[in-house]
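Enquirer: Here's my sequence, what's the structure:
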Amino acid sequence: MVGLEFGRALAELEGFERDLRVHMDDEEAHLLPVYRSRIGKVLGGDPDFFTLEHRNILRNLETSKEALRRLAADPQAGRRQAHEFLDQEWMLQNLIRHHDLREKNILYPKLDDVLSEPERDELLARCGVLRK
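Expert: Below is the predicted model of the structure:
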């Protein structure tokens, strides 16, 4: 994506983080309270688990940004450092992948099971999502 342009990679990661925070904020403000009150604890899908995953993802993102800041400031940083950075990012990638799967396989289907279509539309509108 950005080759050895560590500053550009940092900017891209910060943009991703901004978008991700909007998604997380919407979930925590709108979806999870409904999930908590109407569904409750579910094996592998406890409401608090989603928020804990959000915190872990954001903590790992901060670590990644710090690493990219160091690389961007190091005029000697090259391919080896880029490969080392990518190798270290497996934890963040796995956290995001598993969280996304948990949302798709548990959070959203469970909400769909308990919400009427008007309720679903209203929740999506509060999250800034328009249904077709």
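
Enquirer: The most centrally placed residue in the chain is in what secondary structure piece?
Expert: The chain has Leu20 as the residue nearest its centroid, 4.9 Å off, counting by CA atoms, centre = their mean. Using DSSP states H and E, Leu20 maps to helix 6-26.

Enquirer: which residues sit against that helix?
Expert: 1-2, 54, 57-58, 61, 64-65, 68-69, 71-72, 77, 82, 126-128 (CB atoms under 8 Å, 6 or more residues apart in numbering). Yep, even glycine has a C-beta here, placed from its N, CA and C like the rest.

Enquirer: Sitting in helices, which of the residues you listed do you find?
Expert: Residues of the contacts of helix 6-26 located in helices (DSSP state H): His54, Ile57, Leu58, Leu61, Ser64, Lys65, Leu68, Arg69, Leu71, Ala72, Ala82, Arg126.

Enquirer: Just the buried residues from the residues you listed, in ChimeraX please.
Expert: ChimeraX command restricting those to the buried ones, with burial defined by 16 or more other CB atoms under 10 Å:
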select :54,57,61,64,68,71,72,82
